[in-house]
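Chemist: Would you be able to build a 3D model of this:
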Amino acid sequence: MGTKNEIVYDLRHFERDFNGTEQVNGLELALAEPKKDIRIKMLANEQREAGIPYVSGDKIFSLRAVWKNDSNTQSALCNVYMDETHGEWISANCSCSEFNRNRYCCHHVTALLSQYLMDHWGTEIFRGTKIEKKLAEQAGVPDPFVPGVLRKTDQDLLEMLNMPQVGNMDPLAEFATNTELHMECHMAKEKGGVSLELKIGSKRRYVVKSMLELFRSCDEGRVYQIGKTDCLSSLDQFDMDGRRAMELLLGQYRHKKSTPYFSTMFLRTSGSYNERYVYLEGRDLDAWMENVGEIPCYVGDDQVRIRLDGAGPEISMERQPYGMLLKTESFFILAKTEDWIYFQTGDRVSRTRNQQGGRLGEILELLSGKSEFYIRNKELPLFFGQMLPAIEDQTEIQTTGFALDEYRPEIPKVSIYLDISQDEIISCQVKCRYDRSGKEYLLYDEADRSVRNNGFEEELRRVTGKYFNAYDETNKSMCLSGGPEELYHFLTESMTELGKSGEVFISDALQKLKVRKLPSVDIGIRMDTGLLYMSIQAPDMTKDELAEILSLYSNKKKFFRLKNGSFMTTDPEKQKEWAVLAETFLQYGKKDPASMEIPAFRALYLDEMLKNRDGISLEENRKYKELLFNMDTAKEANDEVPESLRGILRPYQADGFRWMKTLKRCGFCGILADDMGLGKTLQMLTFLLSEKEEGKTGDELRTLIVTPASLVYNWKKEIGQFVPELSCKVITGNAAERQEMIQNEEDRDIWITSYDLLKRDIACYENIRFANQVIDEAQYIKNHGTQAAKSVRLIQSGFRMALTGTPMENRLSELWSIFDFLMPGFLYGYQGFREKFEEAIMNDRDEEVSARLRSMVHPFILRRLKKDVLTELPDKIEKTVTIELEGEQRKLYDAYAKRLKLYLEKQSKEEFKQSKLEVLKELTRLRQLCCGPELFLENYHGENAKMDACVELVRQAVDGGHKVLLFSQFTSVLDEIEKALAKEKIEDHRIDGSVSKEQRIRLVDSFETDDVPVFCISLKAGGTGLNLTAADIVIHYDPWWNVAAQNQATDRAHRIGQRNTVTVYDLIAENTIEEQIKKLQESKSALAEEILSGEGIQSIVLDRDEILKML
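Modeler: Here you go, the predicted model:
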C-alpha cells in the first residue's frame, strides 16, 4: 500500500506479457520517442540524478513499481515523480543497471509511465506510436488495446490451478500416489542440536524445499508434489522406516504448531527461520535417533549408520617410562542432549550416556580435537581420579604395559561427624581416610589433591552437601541452620540418608534430641451419677509428660516439640483418636489426664472415635456400656405407643417416639429434624401423652411449647384432635393477662406461647420449672445473639427437644445455636466451635473436621426424608418456567443492574462492608423489577411479563379443576396478583403478616373445603405450619435466597393427606438476578442434609465479587 500522494503498481504482468528480459526490452524506446509521442518533459540530468522533486506541495506525487524475475526475487525497484499541476515527469530512479547507462532512463521507467498514462488518459495517446506496434507484435493481435488482451491469469491463482489434484490427475500422477516412497536424511551439527534435511521419492529422491509445507499438507490431508512424477497423499506410501520417521516429525509439528515456540522447529539462518531444515534438539533429537531405523543417513558427504549401542569411542593407553600415551579413534561429536552424547566415528553414529554432571561431554570434546595425548607420571593420579571415572563405564579402554586396577584411585573410608551447638546449628565434618597412605583428609581440605580420589570426593560433596545450607570455612564443615521444621527433617530423614555415604558419629548433644512416636495409651471410661469419668494413662510416660503431649497435639502438624527439646511425631493413621483425646483433655482434663469428669453427652462420640483403635486399650464399666446399647437400639426400645394413637401413628413415627423416650431416659436432648410434612408435631404429642400415662403429673409433666406466633393455635388444634387427654393453655392476651395466666396456680400439662411473647414475658417464668421444653420451627433461634434464642435458654427445663425440618439454612453456627439450647457446652462455646469446626469446614473444606462434627451430632439428630418413609406419598414434579422480560421492563432492569455493577466496581472491600445495606436494597430493587416495575415505580404502565405468565398459568390450572397455592416474598406482589385475578374473575384467599392467628385457621379450613381455587400466601407468614393438601399446584412467583424456605412452603401441599401429584412451578425471569438465585439454590441447597449425609458444606454469604458475577 502506498503512502499519501503515492501510486503503487504491481507490474509483474509486463514481464509475463513479454516473457523475459529480452522481450521487456521491446518497451525500451529511444529517449526521443516518449518525448515526441507521449509528450513527457524531462529535467536536467543533475536533478534527475539526485532524484529530488523540484516542485513542493501536495501536487507532487510518485509512481512506484517492483519487478521480479523467474525465481520470484526482486530484480528492479522503480520510482517516477510527477507534477500533477503541469502533467510533467519531474524525475525518476531505478535500481537496474540500464538506468545509468541509458542517460537515466530504462525500460522499467518507460513501462511504469506507459501504464500510468494508459490508466489516466486512455490508450488513444499510444495510437500510431512504436509502443502500439511492439505491444501488438508480442500479443499476436492487431489491436493490443482491446480490454483483456494484455492481461494474464493472476499468478497465485494460476499456481493453485496448476497444482496436481487427486481426483483429476493424469495416469502418471495417479500412479505416483500409489508408488512406495523412500526417504533419506541429511544431518549437520548446529549449535545445541542438529539440522535435518529430507529427500523423498520413489526411484529418485527429491529435496523437500519446505518442510513446513510438507507438514501442512500431511496435517490437512492435501497432496504434496514431489518432483515431477511423485506425489504424497498418504503416509502409507512410505516404507516402514520412512513412515515411522514421518509420523514422529509430524507429531512434533502438531505439538508445537499451537505454541509460541513453533518457529524454533526450523533452522535459524541469517536472522530468519529456514523452513527447508528441521532443527532437532533435546528429547526430540533423542526420539529421532531412536526411530530413524534403516533410513539412509548422511552427515556432510558421509553416509552413516545409526547404531545406538551406548558405547563411547575406543580409547587405548600405553605405559611409557615417564608417563602414559592416550590414543583415541577419530570421532566427531555431532550433538549433546540432556541424556546422550552423539558422535560419529567413520561411517557410524553412536551415542553414550551424558553423565557425571556433564563432565563426560567436556572430556569427549577435548578428546575429539586430537587423536593422541601424553600424561606424565606426576599428573597420572589426577587423570585416574578425575577423568577415568567419567569415561571408563562409557568407553572401551585398551591398556598396554599395565593394568587399570594398578592405577585406579583408592576408595577412601568415609566418616561423618555430626554435632549441634547451643543455638541449634548442626555442623557436619566429613573425613576421608586412605589406607594406602594412612592419611585422613577433611572433605573440604584441598591438601594433597594429586594423590586423592578426586572424582569420588567430588561426588561425596554433592551427595552430602544437599542436606546443609551453610559452610564453615574455619572448621571445613557444612552447617544447617533454621527452625524446628528444618531440625526435625534432618533428624528424621537427612541423618538416615547421610548414613548411606559413610559411618556416622553423633555427638552427645545431638543424641539428646530424640524423635519419639506417640505412646500407646490405656483409657478407662465409667459412668456414674449422670457423668462420665475418664482416665488416660501411658505405661512408659509420666502423668506430666502425657499431659504435655495432649496439650500440644495437633493433627495439622507432622510433629510437635516437647519442653525437653525432643520431638514427638504425629501418626496420620492415629490422628483421629489422638485429636479426640487432646480435645477432651484440653476441655475437661485440667492438668491430670488420669482424672477427667465429662458430660454424658460425650459418651457416644468417644465410643465411636476410640473403639477398636490401634495403640488404645479401652476399658468401660457396665453403666457406660448400657448407655451405649440403649442409644444404639433406641428405635427398638420397649416403649409402648399410647393405645389411643396406635392406629394413627405410622411405623417411622413410632420409631421417632421411641427415640425421644430413649433420649430422655439417657439424660440427653435432641433435634427431631424430619422432612416437612412427616408429622413432627404428632410424634412430640405422642411422647407427652406417654409421659402422662406413666403417671407423671405437675412438675414431672409440665411442658412448655414455644412456636412461631402463626402456629400457636395450630398446636392447640392438634392437641385437641390427637391427645385430648392432655390439658393445655395458650399464653395470650395483653401483658397483664399473660402474667396472670403464667402465675395462675391452676396448672396445665402443656403451655403454648410464641417466641415473641416469651421474650416479653421471660421474667414471669423465672421461678417456674418445666419437665419438658419444646421449640417448634427451631430455626427461629438460628442467630444465637437474638432475644428469642436467649429467652428459650433461660427457661428452666429438664428434657429439651427442637423440632425443625431445616436445622441449618445458611451457616454451621445455626446448628451450634440449637445445640447450645439443647445441651449447653455440647459443641463448646461459640468461639471454640468456630475455631474447631466452622472455620475449618466453611473456609478450608476440611473433610476430617466435617466427619468429626457429624460423629458428634449424629446420635442426637433424627432425620427422615419423605421419599424414604412415605412411599405412598404422590410424586412432586418441579418445573422452572423461564420468562423473557421485554420492552420497557427489560430496559429498566438492565439500567438498574448496570448502575449497581458500576457502583460495586468502584468500591474497595472495606467500602463494600460499610454499604451492605445499600447493596441489599439495590438487589431487592432488581428482584422487584423482575416481579413487576410497578411495585416501586408509581407511574409505570409498561409490560409485566411475569405477571402475564403467572395469571395464564393460574387460569389454566383453575380451568383444569386444580387448586393453587401462590407464594411470594412481597405482599405488594400479592396485591398486584389479586388485582389481575379479579380481572379474570378468579376468587382467592390470602394470608400475610396482617392476618391474625385465629383468622389463619379459619382461612385454611375454608380453603380445604370450599370452592375458592387460589390461596395467595406471603412466604414468611405462611411458609410453615399450614396443612393445605386440597391444593396440588404450587407456584413460587419469585425465588428466595434460601431454597429451604421455598421447600417448606411447597410442603404445605406435599405432605401426609395429599392424594394427587403435586406440581411446583418456579417462575424465573431470564438473564436476571433470579437465574443467579436459582443457581445459588442448586449449589448450596439443604445445608442440613449435607452435614448429615457427609456431603460438602458451603456458605451462602455473598461477597462483592459474587454479587458482581450475578449481575
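Chemist: Ser477 bridge partners, please.
Modeler: On the basis of DSSP bridges, Ser477 is bridged to Asp472.
Chemist: Give me the helices and strands touching the top helix by length along the chain, please.
Modeler: As assigned by DSSP state H, the longest helix anywhere in the chain is helix 887-905. Applying 3 or more C-beta pairs under 8 Å, 6 or more residues apart in numbering; DSSP states H and E, we find helix 887-905 packed against helix 916-931, helix 1104-1110. No exception for glycine: its C-beta is placed from N, CA and C like everyone else's.
Chemist: so which of the ones you listed comes closest to Ile1035?
Modeler: Closest to Ile1035 of those is helix 916-931 (C-beta to C-beta; 12.7 Å).
Chemist: Which of the residues in the closest one are classified as buried?
Modeler: 919, 922-923, 925-931 (16 or more other C-beta atoms under 10 Å).
Chemist: Check stretch 246-259 too.
Modeler: 246, 248-249, 252-253.
Chemist: The closest residue to Val1062 other than its chain neighbours in helix, strand or coil?
Modeler: Spatial nearest neighbour of Val1062, excluding adjacent residues (C-beta to C-beta, 6 or more residues apart in numbering): His1054 at 4.4 Å. At His1054, secondary structure determined by DSSP: H, G, I helix; E, B strand; the rest coil is coil.
Chemist: His1054: what's it in contact with?
Modeler: 677, 866, 873-874, 876, 1034, 1062, 1064 (C-beta atoms under 8 Å, 6 or more residues apart in numbering).
Chemist: Likewise for Leu827?
Modeler: Per C-beta under 8 Å, 6+ apart, neighbours of Leu827: 815-816, 819-820, 833, 837, 856-857.
Chemist: Can you tell me which of those end up in helices?
Modeler: Restricting those to those inside helices, with DSSP H as the criterion, leaves 815-816, 819-820, 833, 856-857.
Chemist: May I ask which two of these are separated the most?
Modeler: Once C-beta to C-beta is applied, the ones in helices among the contacts of Leu827 give Asp820 and Met856 as the farthest pair, at 13.4 Å.
Chemist: Out of the helices and strands packed on helix 887-905, point me to the one whose mean pLDDT is lowest.
Modeler: When these are compared by mean pLDDT, helix 1104-1110 comes last with a mean of 74.
Chemist: Excluding its own residues, what touches that helix? List them.
Modeler: 901, 904-905, 907, 909, 912, 919, 923, 1073, 1076-1077, 1102.
Chemist: what's the overlap in contacts for Asp820 and Met856?
Modeler: By the contact definition C-beta under 8 Å, 6+ apart, Asp820 and Met856 are jointly contacted by 826-827.
Chemist: for the record, mean pLDDT for stretch 1046-1062?
Modeler: Stretch 1046-1062 shows a mean pLDDT of 87.
Chemist: For that stretch, measure first residue to last.
Modeler: End-to-end span of stretch 1046-1062 (C-alpha to C-alpha, to the nearest Å): 14 Å.
Chemist: Kindly state the domain boundaries assigned to this structure.
Modeler: For the chain, automatic domain parsing gives the domain ranges 6-156, 163-306, 315-407, 413-511, 515-630, 633-869, 876-1110.
Chemist: Quick one: mean pLDDT over the fifth one.
Modeler: To tie it back to what came earlier, the one meant is domain 515-630. In the prediction, domain 515-630 has an average pLDDT of 84.
Chemist: That domain spans what distance, first to last residue?
Modeler: Domain 515-630 end-to-end distance (C-alpha to C-alpha) = 44 Å.
Chemist: Could you give the separation between the terminal residues of stretch 335-351?
Modeler: With C-alpha to C-alpha, one end of stretch 335-351 sits 9 Å from the other.
Chemist: tell me which residues in that stretch are buried?
Modeler: Neighbour counts over stretch 335-351 (16+ other C-beta under 10 Å) mark 335-337, 340-345, 349-351 as buried.
Chemist: ok so, going back, among the helices and strands packed on helix 887-905, which is nearest Leu491?
Modeler: helix 1104-1110 (44.9 Å).
Chemist: returning to that earlier point: I'd like the contacts of His1054 written out as a markdown table, with secondary structure and neighbour count added.
Modeler: Formatted as a markdown table, the contacts of His1054 follow (DSSP: H, G, I helix; E, B strand; the rest coil; neighbours: other C-beta atoms under 10 Å):
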| residue | secondary structure | neighbour count |
| --- | --- | --- |
| Gly677 | coil | 22 |
| Lys866 | helix | 18 |
| Leu873 | coil | 18 |
| Pro874 | coil | 13 |
| Lys876 | strand | 19 |
| Val1034 | strand | 26 |
| Val1062 | strand | 23 |
| Val1064 | strand | 20 |
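Chemist: who touches Leu892 in this structure?
Modeler: Contact analysis of Leu892 by C-beta under 8 Å, 6+ apart lists 929, 933, 937, 940, 942.
Chemist: of those residues, buried ones?
Modeler: Buried among the contacts of Leu892 (16+ other C-beta under 10 Å): 929, 933, 940.
Chemist: Give me the distance between the closest residue to the first one other than its chain neighbours and Ile977.
Modeler: Looking back up the chat, that one is Leu929. Closest residue to Leu929 in three dimensions, ignoring its sequence neighbours and counting by C-beta to C-beta, 6+ apart: Tyr893, at 4.6 Å. Plainly put, Tyr893 is 20 Å away from Ile977 if you go by C-beta to C-beta, to the nearest Å.
Chemist: More neighbours: which of the two?
Modeler: Ile977 (25 against 21; other C-beta atoms under 10 Å).
Chemist: Which residue, other than its chain neighbours, is closest to the more buried one?
Modeler: Nearest to Ile977 is Cys1016, by C-beta to C-beta, 6+ apart, at 5.9 Å.
Chemist: pretty sure that neighbour is touching Ile986, no?
Modeler: No. Counting by C-beta atoms under 8 Å, Cys1016 stays clear of Ile986, with 10.7 Å between them.
Chemist: Which of the three states applies to Leu334?
Modeler: Applying three-state DSSP: Leu334 is strand.
Chemist: Got phi/psi on the residue nearest to it when sequence neighbours are not counted?
Modeler: With sequence-adjacent residues excluded and distances taken as C-beta to C-beta, 6+ apart, Leu334 is closest to Tyr342, at 4.5 Å. Reported as degrees, to the nearest 10, the phi and psi values for Tyr342 are phi -100, psi 130.
Chemist: Equivalent analysis for Arg243, please.
Modeler: The phi/psi pair for Arg243 (degrees, to the nearest 10) is phi -60, psi -40.
Chemist: residues in contact with it?
Modeler: Contacts of Arg243 (C-beta under 8 Å, 6+ apart): 235-236.
Chemist: Show the pLDDT at it.
Modeler: pLDDT, Arg243: 93.
Chemist: And it, how far from Val349?
Modeler: Taking C-beta to C-beta, one finds Arg243 at 22 Å from Val349.
Chemist: go on, Glu694?
Modeler: On the measure of C-beta to C-beta, Glu694 and Val349 end up 99 Å apart.
Chemist: likewise Glu934?
Modeler: Taking C-beta to C-beta, one finds Glu934 at 86 Å from Val349.
Chemist: any chance you could map the helices in the stretch 151-300 of the chain?
Modeler: 155-161, 171-176, 211-220, 240-256, 282-291 (DSSP state H, counting those that start in this stretch).
Chemist: Kindly report which one of those carries the lowest mean pLDDT.
Modeler: When I compare the helices of the stretch 151-300 of the chain, helix 171-176 is least confident, with a mean of 41.
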